[in-house]
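In: the following comprises the amino acid sequence and a computationally predicted model.
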Amino acid sequence: MIAVDQIKVGYGPTIIIEELSVKIPKGQITTIIGPNGCGKSTLLKTIARILKASHGAVFIDEQAIHETSTKEIAKKMAILPQTAEAPTGLTVRELITYGRFPHQSSFGRLKEDDVRAIDWALKATNLTEFQERPIEALSGGQRQRVWIAMALAQDTEILILDEPTTYLDMAHQLDVLQLLERLNQEQGKTIVMVLHDLNHASRFSHYLIAMRDGAMVTEGTPERVVTCEHLQCIFQIQAMLTTCPFSQNPICLSYGKVDESVS
């Protein structure tokens, strides 16, 4: 479904990704992992068409995203950025309604399908009781769930999420990741996200893309990527691994830093 072909991306004169190619499996959960500043979010923003590659291209269903209209892309792909700001004065329901924009006519009136999608997104994110509350009256975790609900209301084949568990406590992190898991299992949605928590990434993903210094170190299933050798290369740590009892995928039990002074 998504193919990244030899992209070169940066901010002004600073190049973050020199040349990277990867294919995102259709109908699976793919997570990009790596240390701070390695280019995870830059890759995700390029896939989401927030950034434009100076070289190479990103394709969805073999069509270059920068040759496709914004509205058509928005019918295929919903995006949750790392930091999102809502206009002052909006209620929860009003913000979620914005997710229906790609499906609306020029008159902008909500149809029955729109109302159903909004109600479902509220219920799926446990926000129904907050729907008339102003966004600024919510906690950080609640606001994050509102943005996820807006992406869900968009009802796309692909969900792109940059750190969707930011600001959430442990229980709510699990709620969000299990919700994404259900969307994948029950509706076949392709989910691409960045996570800092390696164990969450391994537990909830079918496919991992591991990066360091703007390049891809390795990719594949959690079993293939989450190894002591790979984690030392990616994060400069010596990891002790075990098996997650819920997913049977490898997880990091504990770790120590590699002593870089020792050759």
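Out: Yes, it's here. Numbers count the residues shown, from 1 in each chain.
In: and the closest residue to residue 84 other than its chain neighbours, what are its phi and psi?
Out: In space, residue 84 comes closest to residue 147 once its chain neighbours are excluded; the distance is 5.1 Å by CB to CB, 6 or more residues apart in numbering. All C-beta spots, glycine's among them, are computed from the backbone N, C-alpha and C. Main-chain dihedrals, residue 147, degrees, to the nearest 10: phi -60, psi -40.
In: ok, residue 147 - contacts?
Out: 80, 84, 95 (CB atoms under 8 Å, 6 or more residues apart in numbering).
In: with residue 76 instead?
Out: By CB under 8 Å, 6+ apart, the contact set of residue 76 is 60, 61, 156, 157, 158.
In: again, 7 Å this time
Out: 60, 156, 157, 158 (CB atoms under 7 Å, 6 or more residues apart in numbering).
In: wait, the second one touches residue 79, no?
Out: No. Here residue 156 does not reach residue 79: they are 9.2 Å apart, not a contact under CB atoms under 7 Å.
In: secondary structure element for residue 121?
Out: Per DSSP states H and E: residue 121 is located in helix 112-124.
In: check which helices and strands that helix sits against.
Out: helix 92-97, helix 140-153 (3 or more CB pairs under 7 Å, 6 or more residues apart in numbering; DSSP states H and E).
In: how far out from the middle of the chain is the longest one?
Out: Centroid separation for helix 140-153 versus its chain: 13 Å, with CA atoms, centre = their mean, to the nearest Å.
In: what's the answer for stretch 209-218, then?
Out: 16 Å.
In: span of that stretch from start to end?
Out: Using CA to CA, to the nearest Å, one end of stretch 209-218 lies 6 Å from the other.
In: what average pLDDT does it get?
Out: The average of the pLDDT scores along stretch 209-218 is 96.
In: from residue 144, how far out is residue 175?
Out: Note on residue 175: its distance to residue 144, by CB to CB, to the nearest Å, is 11 Å.
In: mind checking which of the two has more residues around it?
Out: Per other CB atoms under 10 Å, whichever of residue 175 and residue 144 has more neighbours is residue 144, with 23 against 18.
In: contacting residues for that one?
Out: Taking CB under 7 Å, 6+ apart, we find residue 144 in contact with 166, 167, 168.
In: that'll do, ta.
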